[in-house]
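Chemist: no sequence on hand, only this structure:
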Ligand code: TRP
């Protein structure tokens, strides 16, 4: 049986879903640490420049292609030209690779909010253990991790099975404001701890000396990679959400709001995390170490209220993770659905989303059982499974797909093609000169630079250092 195409009920719902996709683990454990270790204010400056000259344009490109096609990512690229379907295929492979580690990380978040919740009442368990030991024991316990990953996948499935407005929009319009409030609670607590100002200094102290030499180049590569991952670009997600947006709404406005909101949450995440880390006299870190070891140590040192704040923080991170993963799952599922529609075949949304989620769960098994490389599984290309999947997605396919997309827009489709969709129903595409400049010059150069920077950082080639 065929079902009609979903749509967001309101622009607010669209923004919450898109910001939900963008705000994820990248904001919480990537941004604050990278900013702190890569020049503070200098990093922020370069980050903002990349958002303006690359991020806005790539976001606008994805929303516009998606809405114009009204279809999932593969059919959307086919609309541009038969030979471009390959870009959609890249996006799908990238999306599946991302999900193949992201769901395991979502499972870690669930375990941590559950354990902190229990500790509120027992004042034991995670609260009394050594945080490093606790984390290592947990991730090495494959059965438990797989069980939490299964729960995380099922929750994703339940939300996207509800459809676009009844599932995704309903969930994100509640979850994202809740995330925002929880973030503010944690920021207030973090900043009010004695000694917290050292954390603010770590993050914000500008090191402008990097602009005197070539130091800014490697910072630009770091900032560019971070912008790119954080905005959820180069994947099925934003094109698919664009395809569900009403023709009445302004694509340009939304393409600015989403990256700005995402960047604000990244900075707020820094305010929530770093002051507390420094107040407790801990070393700052990035990645899973920051989230699951350093921060848990902070909560353990906080006394009786520790588990309460621990629960709030890990619940917030879980929300950030699941609103990102549903966007990718929806992107993959809708690509499949629309390919069936194009062939005139019948489909069942429930069946397709279930198969996709099941496949994603299976692909997560190596990540879940790998204990971040500490287990006994064979390591592909010498990477742990998380890094291997991440290399495929974030390292190669996402930036490559986006590079090709901006070149297609700048050199094949041109601004009139974009304006035709953007200016529907009385909307205006202002600053066409700016957008044209982005698609022809800054976005392709920026994306090429980001692609090289990503490969450089995965293989530690040292090109930019
Ligand atoms: N932006 C998300 C984060 O910051 C993760 C992410 C990267 C993502 N690429 C994506 C989410 C594509 C959805 C789609 O953690």
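Modeler: Structure received. Just so it is clear, the model here is predicted, and its values are computed rather than measured. Numbers count the residues shown, from 1 in each chain.
Chemist: when you work out contacts or count neighbours from here on, use the C-alpha atoms and nothing else.
Modeler: OK.
Chemist: hmm, residue 435 is touching residue 57, no?
Modeler: Yes: Residue 435 lies in contact with residue 57 (C-alpha atoms under 8 Å); the separation is 6.8 Å.
Chemist: low pLDDT regions in the stretch 1-150 of the chain?
Modeler: Scanning the stretch 1-150 of the chain with the threshold set as pLDDT under 70 gives 1-4.
Chemist: switch to 50 and redo it
Modeler: For the stretch 1-150 of the chain, residues meeting the criterion pLDDT under 50 lie at 1-2.
Chemist: which residues are in contact with stretch 215-227?
Modeler: Stretch 215-227 has contacts (C-alpha atoms under 8 Å, 6 or more residues apart in numbering) with 26, 30-31, 34, 38-39, 43-44, 46-47, 50-51, 55, 210, 446, 449-450, 453-454, 464-465.
Chemist: with stretch 353-369 instead?
Modeler: Outside stretch 353-369, the residues that touch it by C-alpha under 8 Å, 6+ apart are 96, 99-101, 103-104, 139-143, 145-146, 149-150, 153-154, 157, 160-161, 329-330, 332-333, 375, 377, 385-386.
Chemist: in ChimeraX, how would I select the buried members of these?
Modeler: Filtering these down to the buried ones (16 or more other C-alpha atoms under 10 Å) takes a single ChimeraX command:
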select :96,99,100,101,103,104,139,140,141,142,145,146,149,150,153,157,160,161,329,330,332,333,375,385,386
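Chemist: and residue 8, what is it in contact with?
Modeler: Contacts were defined as C-alpha under 8 Å, 6+ apart; by that measure residue 8 touches 14, 164, 165, 169, 244, 245, 246.
Chemist: still on that earlier bit, which of the contacts of stretch 353-369 fall within helices?
Modeler: Counted as lying in helices by DSSP state H, out of the contacts of stretch 353-369, are 96, 99-101, 103-104, 139-140, 142-143, 145-146, 149-150, 153-154, 157, 160-161, 329-330, 332-333, 385-386.
Chemist: any of the contacts of stretch 215-227 buried? List them.
Modeler: In the contacts of stretch 215-227, burial by neighbour count holds for 26, 30-31, 34, 38-39, 43-44, 46-47, 50-51, 55, 210, 446, 449-450, 453-454, 464, counting by 16+ other C-alpha under 10 Å.
Chemist: tell me the secondary structure at the closest residue to residue 451 other than its chain neighbours.
Modeler: Nearest residue to residue 451 in three dimensions, chain neighbours excluded: residue 399, at 5.4 Å (C-alpha to C-alpha, 6 or more residues apart in numbering). Counting by DSSP: H, G, I helix; E, B strand; the rest coil, the backbone at residue 399 sits in helix.
Chemist: what is the neighbour count of residue 399?
Modeler: By other C-alpha atoms under 10 Å, the residues close to residue 399 number 28.
Chemist: next up, the contacts around it.
Modeler: 228, 234, 447, 448, 450, 451.
Chemist: count the neighbours of the third one for me.
Modeler: This points to residue 447. For residue 447, the neighbour count with other C-alpha under 10 Å is 28.
Chemist: and it, how far from residue 59?
Modeler: 13 Å (C-alpha to C-alpha, to the nearest Å).
Chemist: which residues of the stretch 251-400 of the chain lie near the ligand?
Modeler: Neighbours of the ligand within the stretch 251-400 of the chain, by C-alpha under 6 Å from any ligand atom: 324, 325, 327, 328.
Chemist: state the pLDDT value of the third one.
Modeler: Yep, that's residue 327 we're talking about. Per-residue confidence (pLDDT) for residue 327: 97.
Chemist: I'd assumed residue 233 was in contact with it.
Modeler: No: counting by C-alpha under 8 Å, residue 327 stays clear of residue 233, with 11.4 Å between them.
Chemist: burial measure for the residue in the stretch 51-200 of the chain that the ligand sits nearest to, as a count.
Modeler: Nearest residue of the stretch 51-200 of the chain to the ligand: residue 95, at 6.5 Å (C-alpha to the nearest ligand atom). For residue 95, the neighbour count with other C-alpha under 10 Å is 27.
Chemist: my read: residue 265 touches residue 26, true?
Modeler: No: between residue 265 and residue 26 there is no contact under C-alpha under 8 Å: 10.6 Å.
Chemist: residue 447 and the ligand, how far apart?
Modeler: 15 Å (C-alpha to the nearest ligand atom, to the nearest Å).
Chemist: could you find the closest non-adjacent residue to that residue?
Modeler: Per C-alpha to C-alpha, 6+ apart, closest to residue 447 is residue 403, 5.2 Å.
Chemist: check what pLDDT the one you found gets.
Modeler: Residue 403 is assigned 97 on the pLDDT scale.
Chemist: again, but for the one 4 residues further on
Modeler: According to the model's per-residue confidence, residue 407 sits at a pLDDT of 97.
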